[in-house]
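>>> this is a predicted model, with the sequence first.
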Amino acid sequence: MQKLLDTIQSPNDLRKLSSEQLPQLASELRDFIIDIVSVKEGHLGASLGVVELTIALHYIFNTPNDLLVWDVGHQAYGHKILTERKDKFDTNRQWGGISGFPKRSESEYDTFGVGHSSTSISAALGMAIASKLQGDTEKCHIAVIGDASIASGMAFEGLNHAGVTDANLLVILNDNAIGIDPSVGALKNYLTEVKEGRNPRQNNMIKSLNFDYTGPVDGHDLNALLKELDRLKAIKGPKFLHIITTKGKGLKQAEEDQVKYHAPGKFDKTTGEILPKSDENLPPKYQDVFGLTLVELAKQNDKIIGITPAMPSGSSMKFMMEAFPDRAFDVGIAEQHAVTLAAGMATQGMTVYCNIYSTFLQRAYDQVIHDVALQDLPVIFCLDRAGLVGEDGATHHGVFDIAYLNCIPNMIVFAPLNERELRNILYTAQLGLPHSIAIRYPRGRSENTNWQLPFEKTEIGKAIQLQKGSQVAILTTGTIGNNVAKALAHIEHPEQFSHYHFGFIKPLDKKALQNIFNTHETIITVEDGCVTGGFGSSIATHALNINYKGTVKILGIPDVFIQHGTTAQLQQYCGIDVKSLKEIFAAYLK
């Protein structure tokens, strides 16, 4: 018997079904997502939780003419499958395949590119206002946002503006009490009271913002969803639908352990059991080096504070939160608040480790400059996921941080070569630094298993010579230096190459640079950040300032947005994998 999903390539096919057939389609769509993600990996729980909503939205609204914006995009797998990408969904997040997030260049149904949270309301409102200005008062504009994302300041900015317009905007709050980790904060408590009927309706904060509020509605009841969406479709002005869903719906393990099954890796699609990966005898993840070292330091220093914006598991701040719950804070999806909160604590003599993914610190750039650096406050920024992050793609690569931090006065920028250097700079930072520091380190595992050694103080601004040579000096920063070392280990005449590790991108070791320029006729810089304005640019500028007569070649991330694929594939594309580096270096042999 043919499955209903087999007959559907686009929402036009979906709308040919009767409403009575939609529950069967929902079951098939869940099975399809589980089948693919169990083998190919990806974000699971969020998409399973909105299957009924996804079907109902495309069934009731005339997409793509009606504009649908998914916040973050973790939950958009069902949307992609129903919008002409079912047959290539097995390429999701793979090199050359479809993106794991909505992407405008990929489909007309992806009306707005997303990957970071809390942008949907502002984007959909902008679309709605534009439609009205162009004389289109019938088109609908829908923003689907989660309870974790709506707590972000930007989401409130969008709601605040929308409430004083007559824009044809529908905001759907997908309330499942969890983002990647459980939702936190007073708004989460408020929504819990609303769901449990303990909050008087006359005190509804959304109504106070001049939205037509409906809810809560069971987000897994297709009949209720269809009825309510059909009603709201005919109402003009700003509207707000509050639905209750279960993240991971339809897979028992995903419902019971929503954090682990957000992106579980490969798993058994029948039992739901995650296929084990042996961690035995493997080096630690850099995030765990950070998290475990922070706990170790906090035991010795009662002024240490930890802050993370909604990523306690991903950043391993969870270790600090478990060990010292009064000194570690998950502030929710609020990077701007996290940075200024850290600044406020620093004014009172606290030693603050503010852990934010590199790509998310971009969202708090003004706070880094205005609230931290301008006041010269010694906040310790720990930038997880620096460099290329793999399958999450362009929205998540941490390749801009060197460039956007290097230009800020009163800022030290450091990239460790390995886990030991990370451990030691975390130790050194809490001893007292003259300025704030940004410590950038990658996603994934480090280099050595024997890493929990006695602490050693790191000398600020000191470069390290890893190999001595006569002709070409290779200057690296961060863990990409390990690729360089491996390339040099398999090249003819390695004695022609010097290798220097510049852990400190700022301040640069000018004394070491002078010696390098005096003794080498060619300089090659390698970084896992953007070449425009990055580490290599700083070296080239210094070379120009001292009138260096030799050649400076800069290797790193080219001036394009790098798409998704494995980290190895992306490094190869950028020419900074071991094989490519070996070939580049070999060309300089004399």
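Yep, it's here.

>>> packing partners of the least confident helix or strand in the chain by mean pLDDT?
Ranked by mean pLDDT, DSSP states H and E, the weakest helix or strand in the chain is helix 186-195, scoring a mean of 83. Packed against helix 186-195 by the contact rule (3 or more C-beta pairs under 8 Å, 6 or more residues apart in numbering; DSSP states H and E) you find strand 169-175, strand 212-218, strand 239-244. Heads up, the C-betas are built off the backbone N, CA and C, glycines and all.

>>> worst average pLDDT in these?
Lowest mean pLDDT of these: strand 212-218, a mean of 93.

>>> give me the buried positions along that strand.
Counting neighbours by 16 or more other C-beta atoms under 10 Å, one finds that the buried residues in strand 212-218 are 213-217.

>>> run the chain-centre distance for it.
Distance of strand 212-218 from its chain centroid, counting by C-alpha atoms, centre = their mean, to the nearest Å, is 30 Å.

>>> for this structure, longest strand please?
Ranked by residue count under DSSP state E, the longest strand found in the chain is strand 522-530.

>>> average pLDDT for the following helix or strand past that one, rounded please.
Downstream of strand 522-530, the next assigned helix or strand under DSSP states H and E is helix 535-545. What helix 535-545 shows for mean pLDDT is 97.

>>> show me what the very next helix or strand once past helix 535-545 packs onto, helices and strands only.
Sequence-wise, the next helix or strand downstream of helix 535-545 (DSSP H and E) is strand 551-557. Counting contacts by 3+ C-beta pairs under 8 Å, 6+ apart, strand 551-557 packs against strand 522-530, helix 535-545.

>>> hey, C-alpha coordinates of strand 551-557 in CSV?
The C-alpha coordinates for strand 551-557 follow below in CSV (Å, rounded to 0.1, in the frame of the first residue of the first chain):
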residue,chain,number,x,y,z
THR,A,551,57.2,37.3,0.8
VAL,A,552,54.2,36.9,3.1
LYS,A,553,51.6,34.3,2.1
ILE,A,554,48.4,34.1,4.2
LEU,A,555,46.5,30.8,4.4
GLY,A,556,43.1,30.5,6.2
ILE,A,557,39.4,30.8,5.5
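
>>> now the angle between strand 522-530 and it, please.
Strand 551-557 and strand 522-530 are oriented at 20 degrees to each other (axes from the mean of the first three to the mean of the last three C-alpha atoms, to 10 degrees).

>>> outside of the helix or strand following strand 551-557, which residues touch it?
Later in the chain than strand 551-557, the nearest helix or strand by DSSP H and E is helix 567-574. For helix 567-574, contacts defined as C-beta atoms under 8 Å, 6 or more residues apart in numbering pick out 95, 388-390, 443-444, 483, 528, 556-558, 562, 565, 577, 579-580.

>>> relative to the whole chain's centre, how far out is stretch 344-364?
The answer for stretch 344-364 is 16 Å, by C-alpha atoms, centre = their mean.

>>> repeat for stretch 495-504
31 Å.

>>> still on that earlier bit, most neighbours out of the contacts of helix 567-574, which is it?
Asp528 (31 neighbours; other C-beta atoms under 10 Å).

>>> is it true that it touches Leu555?
No. Taking contacts as C-beta atoms under 8 Å, Asp528 lies outside contact range of Leu555: 9.8 Å.

>>> which residues do those two both contact?
Joint contacts of Asp528 and Leu555 (C-beta under 8 Å, 6+ apart) are Ile576.

>>> just the pLDDT at Asn12, thanks.
On the pLDDT scale, Asn12 gets 97.

>>> swap that for Pro200, please
What the model reports as pLDDT for Pro200 is 58.

>>> next one: Trp95
96.

>>> again with Asp268
pLDDT at Asp268 comes out at 88.

>>> please apply the same query to Gln496.
Looking at Gln496, its pLDDT stands at 94.

>>> my read: it touches Leu589, true?
Yes. Contact criterion C-beta under 8 Å: Gln496 and Leu589 qualify, at 6.3 Å.

>>> let me know the closest of the buried residues of strand 212-218 to Val50.
Val217 (13.1 Å; C-beta to C-beta).

>>> residues contacting that closest one?
224-225, 228, 241-244.

>>> quickly name whichever of the residues you listed is closest to Tyr109.
Leu225 (19.1 Å).

>>> the closest one: which element?
Using DSSP H and E, Leu225 falls in helix 222-233.

>>> tilt between that helix and strand 169-175?
Put simply, helix 222-233 runs at 150 degrees to strand 169-175, going by the same axes, to 10 degrees.

>>> going forward, begin numbering at 677 instead of 1
Understood, numbering begins at 677; the last thing we discussed is helix 898-909.

>>> Glu1197: neighbour count?
15.

>>> how close does it sit to Val1148?
8 Å (C-beta to C-beta, to the nearest Å).

>>> cool, Leu845 as well?
Leu845 is 59 Å from Val1148, by C-beta to C-beta.

>>> how about Ala831?
From Ala831 to Val1148 the distance is 51 Å (C-beta to C-beta).

>>> and the two? which has more neighbours close in?
Remark: of Ala831 and Val1148, Ala831 carries more neighbours, 25 against 21, as counted by other C-beta under 10 Å.

>>> how close does the more buried one sit to Gln1043?
17 Å.

>>> circling back to that earlier point, what angle sits between the longest strand of the chain and helix 1243-1250?
130 degrees.

>>> check contacts around Gly913.
Counted by C-beta under 8 Å, 6+ apart, Gly913 has contacts 842-845, 888.

>>> quick one on the thing from earlier: pull the CA atoms of the helix holding Leu901 into PDB?
Taking Å, rounded to 0.1, in the frame of the first residue of the first chain, the C-alpha atoms of helix 898-909 are listed here in PDB:
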ATOM      1  CA  LEU A 898      -4.200  18.300  14.200                       C
ATOM      2  CA  ASN A 899      -7.900  19.100  14.300                       C
ATOM      3  CA  ALA A 900      -7.500  21.800  16.900                       C
ATOM      4  CA  LEU A 901      -4.500  23.300  15.000                       C
ATOM      5  CA  LEU A 902      -6.300  23.300  11.700                       C
ATOM      6  CA  LYS A 903      -9.400  25.000  13.200                       C
ATOM      7  CA  GLU A 904      -7.400  27.600  15.000                       C
ATOM      8  CA  LEU A 905      -5.000  28.400  12.100                       C
ATOM      9  CA  ASP A 906      -8.000  28.700   9.700                       C
ATOM     10  CA  ARG A 907      -9.700  31.100  12.100                       C
ATOM     11  CA  LEU A 908      -6.500  33.200  12.600                       C
ATOM     12  CA  LYS A 909      -5.900  33.400   8.900                       C
END
